[in-house]
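Q: after the sequence you'll find the predicted model.
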Amino acid sequence: MTTHLIKGVSVLGGTPTDLVIRDGVIASGPAEGVEEVIEAEGLIALPGLVDLHTHLREPGREDAETVETGTQAAAIGGFTAVHAMANTEPVADTAGVVEQVWRLGREAGYCDVYPIGAVTVGLAGEKIAELGAMADSAARVRVFSDDGHCVSDPLLMRRALEYVKAFDGVIAQHSQEPRLTEGAQMNEGELSGRLGLAGWPAVAEEAIIARDCLLAAHVGSRLHVCHVSTAGSVELIRQAKEKGWNVTAEVTPHHLLLTDELAATYDPLYKVNPPLRSASDVEALRAGLADGTIDIVATDHAPHPHEDKDCEWAAAAFGMLGLETALSVVQQTMVDTGLLDWAGVAERMSYAPARIGRLADHGRPLEDGAPANIVLYDPKATRVVDGSETASLSRNTPYAGRELPGRVVATFLRGKATVLDGKLQ
Ligand SMILES: NC(=O)N[C@@H](CC(=O)O)C(=O)O
Ligand SMILES: [Zn+2]
Ligand SMILES: [Zn+2]
């Protein structure tokens, strides 16, 4: 394996220093046997990013994404680990399917893939899946989710929370009260009325979060709240944390940047679940991420082929790409606004998601002896996003034509460069 010397890099935005990568780990001592030197003046080094919420679509929807193409997009975005959501075909609700996804990630070699197991068989919300068998499998599943669907039955949710305690698992909930969101198309508000699109009210998210926090506290288990999108949700999670309950939460880059006004275009690129909300929700999400109420940023990278997106709003699929643009959107919304420094970004995009997912080899400080999972980032660069230029098989980025700050220059996975000079290796 190539020994790299990264010269003059600013670790977490600190004073410039040199980093040596040897035999897959960050090495101390003199830079002997260096084969490749990377001049990194002006670049920031962050621990490899960890995504707790990625849709890789394999098995079953290889027309939208595969483990290989999705992890290529992840590497380009600076990620060294992604958690793959269970809403595949077949659903990842058995040890066999999660082992298959885990192995495909290993074989592709761009980014470690940690499968998420379904909470209920077939995501049908009726019967608990074989959570223990998935935890004990080679994939060592610790995160379980019916994402795309809400575990809306309170008794099933209680049982799932109890079940995962045995192996220190966590239930990641897609918080959406189904009866309150039948046919819902966009954020419920004055604008949904004007556009004639059925509303998805904030209370449908908040009612489930409140219930789940109470359930998690009652059984003494771990709850993770997926894609928080409203100011009221932030407030509920803040209260749960004040009580010392074991609740964590994520926000997506798109909910930090975009608002429901974009629905007025009727362009399904902006159709996502939960929907884009109001400017005051965006402000509350940014504040909640800054003060630690919301623990992490997770992409909810949701690829869809053009036939599922190039249609009228009501018929289009929910979801947008996110892996390749996440760090830039976080820079724009959180760093350039003064809400977070780079150490804060490392906490929310690497350390904390690795802790929640119980990953040992990711989300570690860039210290001697740590696995060399590193991203080199140029915060001074800018780019206009080209919607057709993506490693993903799908093209549904909401940022096409937008100028975003920053550029991932290199990504290292256990010392191997997956990206160099912005290009996939
Ligand atoms: N976020 C989305 O709009 N879509 C996701 C499902 C989900 O995350 O709920 C998908 O699988 O396409
Ligand atoms: Zn979801
Ligand atoms: Zn999702």
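A: Right, received. Where do you want to start? Residues are numbered from 1 along each chain as shown. Ligands and ions are numbered 1, 2, ... in the order given.

Q: quick one: the strands in the stretch 1-150 of the chain, in order.
A: According to DSSP state E, counting those that start in this stretch, the stretch 1-150 of the chain carries its strands in the segments 4-11, 16-22, 25-27, 36-39, 44-47, 49-54, 79-84, 112-115, 143-144.

Q: how about those, which one is nearest ligand 3?
A: strand 49-54 (5.5 Å; Cβ to the ion). Bear in mind the C-beta positions are built from the backbone N, C-alpha and C, glycine included.

Q: only alpha carbons, please: show that closest one as CSV.
A: What follows is strand 49-54, C-alpha atoms only, in CSV (Å, rounded to 0.1, in the frame of the first residue of the first chain):
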residue,chain,number,x,y,z
LEU,A,49,-17.5,11.1,6.9
VAL,A,50,-20.1,8.6,8.1
ASP,A,51,-23.7,8.6,6.8
LEU,A,52,-26.3,7.0,8.9
HIS,A,53,-29.0,7.2,6.2
THR,A,54,-28.2,6.2,2.6
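
Q: residue ranges of each domain in this structure, please.
A: According to automatic domain parsing, the chain comprises the domains 4-44+371-424, 47-356.

Q: pick the most deeply packed of those.
A: Greatest average neighbour count among the domains of the chain goes to domain 47-356 (a mean of 21), per mean count of other Cβ atoms under 10 Å.

Q: next up, the contacts around whatever residue of the stretch 51-200 of the chain ends up closest to ligand 2.
A: Closest approach between the stretch 51-200 of the chain and ligand 2, counting by Cβ to the ion: His174, at 3.6 Å. By Cβ atoms under 8 Å, 6 or more residues apart in numbering, the contact list for His174 reads Ser145, Asp146, Asp147, Gly148, His149, Cys150, Cys226, His227.

Q: nearest to Asp260, of the strands of the stretch 1-150 of the chain?
A: strand 49-54 (21.1 Å; Cβ to Cβ).

Q: what is the orientation angle of that closest one with strand 79-84?
A: 20 degrees (axes from the mean of the first three to the mean of the last three Cα atoms, to 10 degrees).

Q: strand 49-54 - what's its average pLDDT?
A: The pLDDT scores in strand 49-54 average 99.

Q: list the helices and strands it packs on?
A: helix 67-76, strand 79-84, helix 326-330, helix 352-356 (3 or more Cβ pairs under 8 Å, 6 or more residues apart in numbering; DSSP states H and E).

Q: ok, 6 Å please
A: If you count contacts as 3 or more Cβ pairs under 6 Å, 6 or more residues apart in numbering; DSSP states H and E, strand 49-54 packs onto strand 79-84, helix 352-356.

Q: including mean pLDDT and distance to ligand 3, could the ones you listed go into TSV?
A: Supplementary listing: those in TSV, determined by pLDDT from 0 to 100; distance: least, Cβ to the ion, whole Å:
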stretch	mean pLDDT	distance to ligand 3
strand 79-84	99	10
helix 352-356	99	14
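
Q: show me the contacts for the residue of the stretch 201-350 of the chain found nearest ligand 3.
A: When scored by Cβ to the ion, the stretch 201-350 of the chain has Asp300 as its residue closest to ligand 3, at 4.4 Å. Counting by Cβ atoms under 6 Å, 6 or more residues apart in numbering, Asp300 touches His53, His227, Thr252.

Q: out of the contacts of His174, which one sits closest to Glu242?
A: Cys226 (21.3 Å).

Q: and the pLDDT for that closest one?
A: pLDDT, Cys226: 99.

Q: got the contact list for it?
A: Counted by Cβ under 6 Å, 6+ apart, Cys226 has contacts Asp147, Ala172, His174.

Q: roughly how far does it sit from Val151?
A: According to Cβ to Cβ, to the nearest Å, Cys226 and Val151 sit 11 Å apart.
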